[in-house]
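1. sharing a model prediction with you, sequence too.
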Amino acid sequence: MPTVSNGSHEIHYDDHGGDGSTVVLVHGWPLSGASWSATVPALLDAGHHVVTYDRRGFGQSGKPGEGSSYDYDTLTGDLDALLRGLDLTDVTLVGFSMGGGEVARYIGTHGEDRVRAAVFAAAIPPCLKKDDEHPDGALDDATVEGMQGQLRADPPGFLDGFVTNFYTAGEELAVTEEQRQAALALAAQADVHAAAECIRSWTEDFTADLAKVTVPTLVVHGDSDGIVPLEVSGQRTAEQVTGAELHVVEGGPHGINDSHTEEFNRVLLAFLAR
């Protein structure tokens, strides 16, 4: 099983091959790199070199337990270890949902020397936190603590409801039950402590990180996203990153890469071809 090390922690990755420009796909919560299965083949067919990996605590990566940090500085250190360990350059970073935080923080912390372009897909930046400083946010402390408590008390039940909302647009499930169950199977691999701590990290502020993004940037977001609302996240990211392109998926839930695969892949490939 291929891994790179960040200190004492092992990060599992899959190098899918391809000889063209490199695309690194950063998955969402509570899934793993395997959640990109509908996009990897399209990228390979277009000639790109594709790498996916599992966030620490998820999938086949190491699962540091109680007392371990899952803040974005730590998580982005794992992405940096991957890029350095595989000596990847001229990379397009594609961050889905929670993965958009790693993309923003990576550029904000490590710069753009290795980065060709950035993609934020249904991603959490600039800031989901709701408090006096961020009155238009989506997640206040009580909501975060409630979600953490529910997850710890009943992981299968909480994840079942979350994955359903993940793929729901309006009141309709936008994927098949088979796809929903496949996502649940990936979610079941997550360490409960890691998953709960990551919920808190969703409220970190990426505004300063986005201000450092100068590479070509694509923002893709569904207008029926009930997990990370377009108005709070994708729309604002597109406004804050100079020159960013915003593509809104009509009727798209949170999991647009699975619900609107053809449109998602087409828009991504067109952006990569520029």
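-> Received the coordinates, thanks. Residues are numbered from 1 along each chain as shown.

2. endpoint to endpoint, stretch 195-208 covers what distance?
-> 25 Å (CA to CA, to the nearest Å).

3. hmm, who's touching that stretch?
-> 29-30, 55, 57-58, 68-72, 75, 98, 101, 104-105, 108, 124-129, 134, 137, 139, 144, 147-148, 151-152, 155, 240 (CB atoms under 8 Å, 6 or more residues apart in numbering). Where C-beta positions appear, they are placed from N, C-alpha and C, glycine not excepted.

4. what are the buried residues along that stretch?
-> 195-206 (16 or more other CB atoms under 10 Å).

5. just the helices in the stretch 151-274 of the chain please.
-> With DSSP state H, counting those that start in this stretch, the ranges of helices along the stretch 151-274 of the chain come out as 155-166, 177-187, 192-201, 207-210, 234-240, 256-259, 261-272.

6. quick one: average pLDDT of the second one?
-> Same thing as helix 177-187. The pLDDT scores in helix 177-187 average 98.

7. neighbours around residue 261, how many?
-> Neighbourhood size, residue 261 [other CB atoms under 10 Å]: 16.

8. grab the nearest non-local neighbour of it.
-> residue 38 (4.6 Å; CB to CB, 6 or more residues apart in numbering).

9. ok, now which ones touch the one you found?
-> So residue 38 contacts 257-258, 261, 265 (CB under 8 Å, 6+ apart).

10. can I assume residue 52 is in contact with residue 12?
-> No - Residue 52 is beyond contact range of residue 12, at 9.4 Å (criterion: CB atoms under 8 Å).

11. which neighbours do these two share?
-> residue 33.

12. list the ones among the contacts of stretch 195-208 that fall in helices.
-> 72, 75, 101, 104-105, 108, 144, 147-148, 151-152, 155, 240 (DSSP state H).

13. how about the contacts made by the residue most central in space within the chain?
-> Closest residue to the average C-alpha location of the chain: residue 99 at 2.3 Å, with CA atoms, centre = their mean. If a contact means CB under 8 Å, 6+ apart, then residue 99 has 25-28, 55, 121, 123 as its contacts.

14. using a markdown table, lay out the residues you listed together with distance to residue 86.
-> Below are the contacts of residue 99 laid out as a markdown table (distance: CB to CB, whole Å):
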| residue | distance to residue 86 |
| --- | --- |
| 25 | 14 |
| 26 | 14 |
| 27 | 17 |
| 28 | 22 |
| 55 | 16 |
| 121 | 22 |
| 123 | 23 |
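
15. out of those, who's nearest residue 45?
-> Nearest to residue 45 among the contacts of residue 99 is residue 25, at 15.1 Å by CB to CB.

16. before we move on, what SS does that closest one have?
-> For residue 25, the assignment made with DSSP: H, G, I helix; E, B strand; the rest coil gives strand.

17. beta partners for it?
-> In this entry, residue 25 is beta-bridged to residue 52, residue 94, by DSSP bridges.
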